[in-house]
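> let me see the structure of the following:
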Amino acid sequence: MINIRQSNERGGADYGWLNTRHSFSFDRYYDPRFMGFRSLRVINEDWVAPGQGFPMHPHRDMEIITYVLKGALAHNDSMGNGSIIHPGDGQRMSAGTGVRHSEANPSQADPVHLLQIWITPDRPGHAPGYEQKAFPEAEKRGKLRLIASPDGKDGSVKINQDASLYVSLLAPGQQVTHELTGGRYAWLQVAKGAVELNGKKLKQGDGAAVHDEQTLSIRGDEDSEILLFDLA
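I've put the predicted structure just below:
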């Protein structure tokens with residue numbers, strides 16, 4: 001079964017410095033029908049204006065993945081990490097027992113477009129942690145590249161949950177497949193372009209909750225970038 005969460009049905013607001021869209025209930029947006037999917041709790045699509053950002057603020061007991069689509073994002077945290085996240089990077093911050101961080105657009109000329117993803121951990125009380133890796137475009141072109149997993153396999157960043165995140169870049173007509181084993185679930189998020197998932201059309205910003213499907217076939221209808229979550 002595939003249930004599509006259409007882009008124009010998401011919550012969110014335009015605050016001038018931040019234009020944000022929420023696939024699931026978040027902040028001032030609340031819909032009891034969309035509180036998350038399995039361990040996936042938040043998918044926020046953000047456009048942050050030049051020189052603007054989120055000041056230092058706290059988190060705990062959450063696996064936070066930031067994926068930049070265009071531009072760059074500066075990260076700083078109370079663990080002493082400071083970095084610039086570029087398109088294609090996989091960045092994971094485990095909030096664990098508590099951490100503070102800030103995120104800002106370092107450019108004074110260009111906005112930054114990103115997805116921020118929250119995954120609930122397998123248990124509370126993990127030690128805070130941080131990891132960031134670059135995943136070259138060639139590794140994602142026409143294939144599913146694992147960028148986050150519970151065991152860090154294939155060079156992915158490690159998260160404290162039985163969940164795996166794959167990214168793919170698809171040209172028109174290009175197709176990738178993924179097998180869901182042992183009654184697992186999936187969520188597909190279209191970051192750019194338009195695709196077909198088992199014959200169902202999705203466009204930029206759309207998401208799809210998947211269960212009771214063994215094989216997922218994802219075909220690009222135009223140049224596209226997708227995120228696929230394999231969830232317990």
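> starting at the chain centroid, how far to stretch 153-160?
From the chain centre to the centre of stretch 153-160 is a distance of 15 Å (C-alpha atoms, centre = their mean, to the nearest Å).
> what does it contact?
Contact partners of stretch 153-160, identified using C-beta atoms under 8 Å, 6 or more residues apart in numbering, comprise 63, 65, 90-92, 94, 96, 119, 121-123, 126, 131-133, 146-152, 164-165. (Glycine included, C-beta is placed from N, CA and C.)
> can you rerun that using 7 Å?
63, 90, 92, 94, 119, 121-122, 126, 131, 133, 146-152 (C-beta atoms under 7 Å, 6 or more residues apart in numbering).
> again, but for stretch 218-229
Here stretch 218-229 makes contact (C-beta under 7 Å, 6+ apart) with 40, 67, 144, 163, 165-176, 178, 186-197.
> filter those residues down to just the buried residues.
40, 67, 144, 163, 165-170, 174, 176, 178, 186-195, 197 (16 or more other C-beta atoms under 10 Å).
> from these, which ones fall inside strands?
Counting by DSSP state E, the buried ones among the contacts of stretch 218-229 place 40, 67, 163, 165-170, 176, 178, 186-192, 194-195, 197 in strands.
> contact partners for the residue nearest to K203 when sequence neighbours are not counted?
In space, and not counting its chain neighbours, K203 is closest to A194: 4.5 Å by C-beta to C-beta, 6 or more residues apart in numbering. By C-beta under 7 Å, 6+ apart, the contact set of A194 is 201-204, 221-222, 224.
> lovely, talk soon.
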